[in-house]
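# Return a 3D structure for these sequence lines:
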Amino acid sequence: MFTNYERYLRFINSKIDKFFERQKPYIFCQKGCAKCCKNAEFPFSLIELKYLLTGFLTLDKETQNIIEANLAKLRKEREEFKGESFRYDCPFLINDVCSVYEYRGVICRSFGLLSTGLDGRVKVPFCCYEGYNYSNVIDMETKMISAEKVKAGNFPEQPLAFNVTYKYLTDPDFEKEFNFQFGDKKPLIDWFTGPIEDKPKN
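Prediction:
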């Protein structure tokens, strides 16, 4: 059932990989960093959820139990939360490593780049303020890319911003081009009101 969605993922990955390679002087992503997997909402569409669950089913029982325990803890915290925006660590993150990396969502694949939306505004990934991506060229006071730092670093080109917002990457045009449906979209934790076994898999 995922043939067309996987074609879409290959297309998106090829583009995103080229973006990361072009921005290599400014990118400090590394296994175990996991900044992008914590304190967020993680938007997921229905097909992304189903694909994620196929990855979950490939894991050993011990790992599955850890994830189930993470979800149970988050469900309880979600019920007790009184604010407007519930942020949390991804329940599929174990020892700061994604347990379902090959099956991760679209937002997980694109995070870390400078991004730009339809309004033309450039957004810097929050990890830059913790010494990661673009931290070598960011002005911490203005929170903007510093032309002086780019020049001083003798980088080959200015950092570039790409349209890799979740809204763009899940645009209906991709559904038409690759012949599949994203389905409903909501924060990852909102899909899990009960055990994983209760989730749709087909």
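# who touches residue 31 in this structure?
residue 97 (CB atoms under 8 Å, 6 or more residues apart in numbering). Where you see a C-beta, it was placed from the backbone N, CA and C, and this is true even at glycine.
# Show the backbone phi and psi for it.
phi -60, psi 130 (degrees, to the nearest 10).
# Spit out the contact partners of the residue nearest to residue 34 when sequence neighbours are not counted.
Leaving aside its chain neighbours, residue 34 sits nearest to residue 96 (4.1 Å; criterion: CB to CB, 6 or more residues apart in numbering). Residue 96 makes contact with 32-34, 37, according to CB under 8 Å, 6+ apart.
# among these, which ones are buried?
Buried members of the contacts of residue 96, counted by 16 or more other CB atoms under 10 Å: 33-34, 37.
# wait, which of those residues is closest to residue 86?
residue 37 (15.7 Å; CB to CB).
# wait, the closest one sits on residue 90?
Yes: if you go by CB atoms under 8 Å, residue 37 and residue 90 touch, sitting 4.5 Å apart.
# Could you list the low-pLDDT ranges of this protein?
Within the chain, the segments meeting pLDDT under 70 span 118, 195, 197-202.
# Can you name the residues that contact the residue most central in space within it?
The structure's the chain has its C-alpha centroid closest to residue 108; by CA atoms, centre = their mean the separation is 2.0 Å. Residue 108 makes contacts with 36-37, 42, 98, as judged by CB under 8 Å, 6+ apart.
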